[in-house]
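Visitor: coords please:
(chains A and B)
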Amino acid sequence: AQSVTQLDSQVPVFEEAPVELRCNYSSSVSVYLFWYVQYPNQGLQLLLKYLSGSTLVKGINGFEAEFNKSQTSFHLRKPSVHISDTAEYFCAVSDDKIIFGKGTRLHILP
Amino acid sequence: KAGVTQTPRYLIKTRGQQVTLSCSPISGHRSVSWYQQTPGQGLQFLFEYFSETQRNKGNFPGRFSGRQFSNSRSEMNVSTLELGDSALYLCASSLGRPGYEQYFGPGTRLTVT
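Guide: Numbers count the residues shown, from 1 in each chain, chains lettered A, B, ... in the order given. Got it, this is the predicted structure:
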């Protein structure tokens, strides 16, 4: 059975500093991987996805993620965060159905 | 293209009552999934409907049910409401095949008193 673990429930980071949100998954088959973002009082929206091909995936708002098959990880990164990046971020894995991690709250410190 | 819409956006109900939430997917999407989001449990999968058939189901009691109509619109129903059912209920639509992302609606905030 597939599962997703987001290792940090909250991540504080100073504005303009880099950030990495960690995600590990387990699955017995090839999977598709996603990162979603949820801004306050809104639904989730897709940041980026990995289906196949290049292991470095670029998404919206300057985010990128790297698929590492040997470490079964799909960590999300941004080189310089902005106050508007304050949100909750969800990693998800999909084969026949999609499973979400518990989310990581990103707090941007002034 | 219009996004996923959910109605109502906010709802207050009393314990023991029942509630029906509605979701209209993006045009052309045949898959609709429902999630319950709470601060303690995070995002939990309720069920997925594809072409009017329930394709996947999460670990929720039978009080939670759903259906999908021929136009892909979906409803979920919760009977005999409990205080613990207070949550944000999110609906998501997709083309329904692995690898296709889900598009989420803004959610229905249900408060049970």
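
Visitor: ok, A:Gly43 - contacts?
Guide: B:Val4, B:Leu90, B:Ala92, B:Phe104, B:Gly105, B:Pro106, B:Gly107 (CB atoms under 8 Å, 6 or more residues apart in numbering or on different chains). Just so you know, the C-beta spots here come from the backbone N, C-alpha and C atoms, and that holds for glycine as well.

Visitor: before we move on, what about B:Phe60?
Guide: Taking CB under 8 Å, 6+ apart as the contact definition, B:Phe60 lies against B:Gln36, B:Gln44, B:Leu46, B:Phe47.

Visitor: B:Gln41 versus that one, what's the distance?
Guide: Plainly put, B:Phe60 is 11 Å away from B:Gln41 if you go by CB to CB, to the nearest Å.

Visitor: same deal with A:Arg105?
Guide: 15 Å.

Visitor: neighbour count: those two, which is higher?
Guide: Taking other CB atoms under 10 Å in any protein chain shown, A:Arg105 and B:Gln41 do not tie; A:Arg105 has more neighbours (15 against 11).

Visitor: follow-up on the earlier one: near chain A too, which of the contacts of A:Gly43?
Guide: Subset of the contacts of A:Gly43 in contact with chain A: B:Val4, B:Leu90, B:Ala92, B:Phe104, B:Gly105, B:Pro106, B:Gly107, counting by CB under 8 Å from any CB of the partner chain.

Visitor: any chance of those in CSV, with distance to B:Arg15, secondary structure and neighbour count too?
Guide: Listed next are the ones next to chain A among the contacts of A:Gly43 as CSV, based on distance: CB to CB, whole Å; DSSP: H, G, I helix; E, B strand; the rest coil; neighbours: other CB atoms under 10 Å in any protein chain shown:
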residue, distance to B:Arg15, secondary structure, neighbour count
B:Val4, 29, coil, 22
B:Leu90, 23, strand, 24
B:Ala92, 28, strand, 25
B:Phe104, 28, strand, 23
B:Gly105, 26, coil, 25
B:Pro106, 26, coil, 16
B:Gly107, 22, coil, 24
